[in-house]
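Student: pasting a predicted model and its sequence here:
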Amino acid sequence: MNTSLILVFLISLFYPCFSLKILSLGIKYIYEPTYPITLNTPFYKPEKFEGVHKKAVTEHPIEYPDRFPVPLNYISWNIDFRGYQPVDYTSAIVLNQPKWADPLDFDFKGKAFQSFQGNIELDPEGKPLNPIGRTGMTGRGLLGKWGANQAGDPVVTRLNPETKMLEILLIQRKDNHEWAIPGGMQDPGELISATCKRELGEETNAQIDFSSTPIIYQGYVDDPRNTDNAWMETSVIHVHLNENQANTQQIQASDDAKQAEWRPITKTLVDSLYASHPHFVRLTLKYIDPQILTYCTNYEEILKIQKELENKKSSH
Ligand code: BGC
C-alpha cells in the first residue's frame with residue numbers, strides 16, 4: 001500500500017470521530033445555558049472545594065478540646081510535619097451510638113470511602129483522611145460517620161416587595177448562634193432535593209419543591225466540627241421565589257433554628273455566615289438571573305460580593 005492510500009484509510013477511519021466531537025461541542029455550545037439556575041440545566045457541573053480549610057483548623061464547637069496547632073502551610077498531607085500530634089476526640093453523643101452514627105466496632109478493612117472531592121486516602125489503620133488536610137484532631141468529634149458526612153443546603157432568595165432588596169432565607173443556629181443557610185444532614189438513601197425540602201421545612205416552615213433544581217456546589221465544607229477522619233460535605237441548591245411564591249410562605253423557626261428570617265444580602269452578612277456558607281451565597285450570586293439583580297436596591301452590595309468571589313478563587 002502506498003502512503004496516500006494509508007492516509008485515505010486513516011482519514012476515513014477517524015472522520016466519524018472528528019465529526020462526532022464537533023457535533024458534541026456544538027450541542028454543548030447551543031444547550032449549555034449561561035445561567036443554569038433559571039434554565040434548570042442538567043448540563044451544569046457543580047463546583048467543589050478548592051484551596052485550604054481555615055475554620056477546620058482554627059475553630060471548634062465549645063465541647064471539643066483544643067486542636068493541635070497546625071500552621072496554615074502545614075495543612076497539606078504532602079508536607080512533612082514530624083511533630084504533628086493531633087488530639088483524639090469523639091463526642092460522648094457519638095460514642096453513645098445514636099442511629100445516625102457508625103458503629104463503635106466499625107470495620108475499616110477493605111472499606112472505600114465516598115467523597116465528592118475524589119479519592120480518599122487512608123491512614124495506616126485504614127481510617128479515612130480529610131481530603132483537604134490536617135485539622136489538629138483525629139476521631140469523629142461530633143460527626144457520626146467516618147469520612148464524609150453528607151448534608152444539603154437550600155439557598156432561597158426573594159426580592160423584598162417593600163424595600164426591593166434581594167433577600168436570603170436564613171436561620172440562626174441553636175448550637176453556635178451563627179446565621180446559616182437552613183440546611184441539614186442527608187438521611188441514608190434520601191435524594192438531596194428531599195433533604196433540602198425536609199430541612200428547610202423543619203427549620204423555617206417554608207415549603208418548597210426542589211426536585212428539578214440544579215446543584216451549584218457539591219463538595220467539602222470548611223466546618224468547625226471537622227477532624228482528620230470525619231468531615232462535612234454538602235450539596236447546595238438555589239431557588240429564587242417570585243413575590244407570590246414568597247408571600248405564601250409562613251416563615252417560623254423551629255428544630256435546630258433559634259430564628260428564621262428573610263435577611264437583606266449585604267457583604268457584612270455574607271462574610272459572617274457559618275462554615276463555608278459565605279462561599280455558597282457568593283456562588284449563588286454568580287449564577288442568579290441578572291434580570292433579578294437589575295431590580296434590587298442592594299445591587300452595590302451584590303457587586304461587592306460577586307467581586308469577592310473572583311478575589312477569593314482559592315478559598316472558602
Ligand atoms: C448544616 C448545613 C451545613 C453542613 C456543613 C450541617 O449541619 O445543617 O447547613 O452546610 O452542616 O457545615
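Tutor: Arrived safely.

Student: show me what residue of the stretch 51-200 of the chain gets nearest to the ligand.
Tutor: G183 (3.0 Å; CB to the nearest ligand atom). Glycine gets a C-beta too; all of them are placed from N, C-alpha and C.

Student: check contacts around the residue nearest to that residue when sequence neighbours are not counted.
Tutor: Leaving out its chain neighbours, the residue that sits closest to G183 by CB to CB, 6 or more residues apart in numbering is D153, at 3.4 Å. Neighbour list for D153: 181-183, 196, 234-237, 277, 280 [criterion: CB atoms under 8 Å, 6 or more residues apart in numbering].

Student: tell me which helix or strand the nearest residue to N242 once chain neighbours are set aside sits in.
Tutor: In space, and not counting its chain neighbours, N242 is closest to R158: 7.7 Å by CB to CB, 6+ apart. Secondary structure from DSSP states H and E places R158 in strand 147-159.

Student: after that strand, next one along is what?
Tutor: strand 166-173.

Student: for that following strand, name the packing helices and strands.
Tutor: The helices and strands touching strand 166-173, judged by 3 or more CB pairs under 8 Å, 6 or more residues apart in numbering; DSSP states H and E, are strand 147-159, strand 179-180, helix 192-204, strand 257-264.

Student: what about the helices in the stretch 1-150 of the chain?
Tutor: 3-31, 36-39, 55-58, 92-95 (DSSP state H, counting those that start in this stretch).

Student: export only the CA atoms of the third one, formatted as CSV.
Tutor: Just to be clear, that refers to helix 55-58. The C-alpha coordinates for helix 55-58 follow below in CSV (Å, rounded to 0.1, in the frame of the first residue of the first chain):
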residue,chain,number,x,y,z
LYS,A,55,-12.3,27.1,60.2
ALA,A,56,-11.5,23.3,60.4
VAL,A,57,-8.1,24.1,61.9
THR,A,58,-8.8,27.3,63.9
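
Student: need the residues that contact that helix.
Tutor: Against helix 55-58 from outside (CB under 8 Å, 6+ apart): 67, 70, 72, 75, 130, 132, 134-136, 222-224, 226, 231, 275.

Student: which among the residues you listed end up buried?
Tutor: 67, 70, 75, 130, 132, 134-136, 222-224, 226, 231, 275 (16 or more other CB atoms under 10 Å).

Student: the closest residue in space to C196 that isn't next to it in sequence: neighbour count?
Tutor: Distances taken as CB to CB, 6+ apart place P154 nearest to C196, at 3.9 Å, with adjacent residues excluded. Look at P154: counted by other CB atoms under 10 Å, it has 27 neighbours.

Student: strand partners (parallel or antiparallel) of the strand holding R158?
Tutor: Looking at strand 147-159 with DSSP bridges, its partner strands are strand 166-173 (antiparallel), strand 184-185 (antiparallel), strand 230-240 (parallel).

Student: the ligand contacts on this structure?
Tutor: 151, 153, 180-181, 183-185, 221, 223, 232, 234, 275 (CB under 6 Å from any ligand atom).

Student: could you dump the residues you listed into JSON lines and include pLDDT?
Tutor: Conversion of the residues of the chain next to the ligand to JSON lines gives the following (pLDDT from 0 to 100):
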{"residue": "A151", "pLDDT": "97"}
{"residue": "D153", "pLDDT": "97"}
{"residue": "A180", "pLDDT": "97"}
{"residue": "I181", "pLDDT": "98"}
{"residue": "G183", "pLDDT": "96"}
{"residue": "G184", "pLDDT": "95"}
{"residue": "M185", "pLDDT": "96"}
{"residue": "V221", "pLDDT": "98"}
{"residue": "D223", "pLDDT": "97"}
{"residue": "M232", "pLDDT": "98"}
{"residue": "T234", "pLDDT": "97"}
{"residue": "A275", "pLDDT": "96"}
